[in-house]
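>>> Structure for this input, please:
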Amino acid sequence: MFKAKVLFIGPNESGKTVLANFLSDTADVGGEYKPTQGVRILEFESQAEGSHDNDKCDVELWDCSGDFKLETCWPAIIKDSSGVVIIFNPNVPSHLKEIETWYSMFISSQSLQESQCLLIAHHKPGSTVEDGRLPLASHLGRLPLIHSNLEEEPEDVKQAFCKYLGSVVKTMSESREREEMSIIT
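From the prediction side, this is the model:
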């Protein structure tokens, strides 16, 4: 069984913790906003759709604070990560700009493949959901993007995350196979 270390990163108040709690079936999904201090690590088992035989996958989900004062900790957080999910609120214009910084610090600096990345436009309860195209920078536009609305389409969010995990596991498996072949030859 594969173990995937997935980072949830993005601006403050974008919904990272709410999504992390929901996807890991942690009890507390709602409530008032409390900023994450540093990082929370949630461990759970999930289906990895699209991987070999739709295997189960052990997920280590790192719910990271969106506070830039913790930037010195980021190299330790990034170490050995299998995937990165950037979560943002599409109704906050500054988030669209800020996710470019998150992308450069966590994705391009690690040379992660697009299959290991996911953008989640998280819509808070009561906000309007527009499925139109978001004004993203071109390099962000190449990443898979899902809109999440836990009030109206919670199972769609869970299914999209399982599909994303499948692509992460597939990438990890292919990398492992290449590594083993290089040892043999």
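>>> Any idea how far apart the tips of stretch 106-115 sit?
Stretch 106-115 has an end-to-end distance of 14 Å (Cα to Cα, to the nearest Å).
>>> what mean pLDDT would you report for that stretch?
For stretch 106-115, the mean per-residue pLDDT is 86.
>>> Buried by neighbour count: which residues of it qualify?
By 16 or more other Cβ atoms under 10 Å, the buried positions in stretch 106-115 come out as 106-107, 112, 115. Placement of C-beta: from N, CA and C, glycine included.
>>> Go through those residues and name the one nearest Asn21.
Checking these against Asn21 with Cβ to Cβ, the nearest one is Phe106 at 21.1 Å.
>>> how about Arg40, secondary structure?
strand (DSSP: H, G, I helix; E, B strand; the rest coil).
>>> How far off centre is the longest helix along the chain?
Looking across the chain with DSSP state H, the single longest helix is helix 154-184. Helix 154-184 sits 14 Å away from the centroid of its parent chain (Cα atoms, centre = their mean, to the nearest Å).
>>> mind starting the numbering at 33 from now?
Taking 33 as the first residue, the last one we looked at is helix 186-216.
>>> and it, which residues are buried?
Within helix 186-216, the residues that qualify as buried are 189-190, 192-204, counting by 16+ other Cβ under 10 Å.
>>> which secondary structure elements does it contact?
strand 34-41, helix 48-55, strand 71-79, strand 88-96, strand 115-120, strand 149-154, strand 177-180 (3 or more Cβ pairs under 8 Å, 6 or more residues apart in numbering; DSSP states H and E).
>>> Paired strands for the shortest one, with orientation please.
Just to be clear, that refers to strand 177-180. Strand pairing for strand 177-180, using DSSP bridges, gives strand 149-154 (parallel).
>>> tell me the angle the strand it pairs with makes with strand 115-120.
30 degrees (axes from the mean of the first three to the mean of the last three Cα atoms, to 10 degrees).
>>> May I have strand 149-154 exported as CSV, CA atoms only?
The C-alpha trace of strand 149-154 is given here as CSV (Å, rounded to 0.1, in the frame of the first residue of the first chain):
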residue,chain,number,x,y,z
CYS,A,149,-0.8,19.0,-8.0
LEU,A,150,-4.3,20.2,-7.6
LEU,A,151,-6.0,23.6,-7.3
ILE,A,152,-9.2,23.8,-5.3
ALA,A,153,-11.4,26.9,-5.6
HIS,A,154,-13.2,26.5,-2.3
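>>> dump the residue contacts of the nearest residue to Asp99 once chain neighbours are set aside.
Closest residue in space to Asp99, ignoring its immediate chain neighbours: Asn44 at 6.4 Å, by Cβ to Cβ, 6 or more residues apart in numbering. Residues counted as contacts of Asn44 (Cβ atoms under 8 Å, 6 or more residues apart in numbering) are 67, 97-99.
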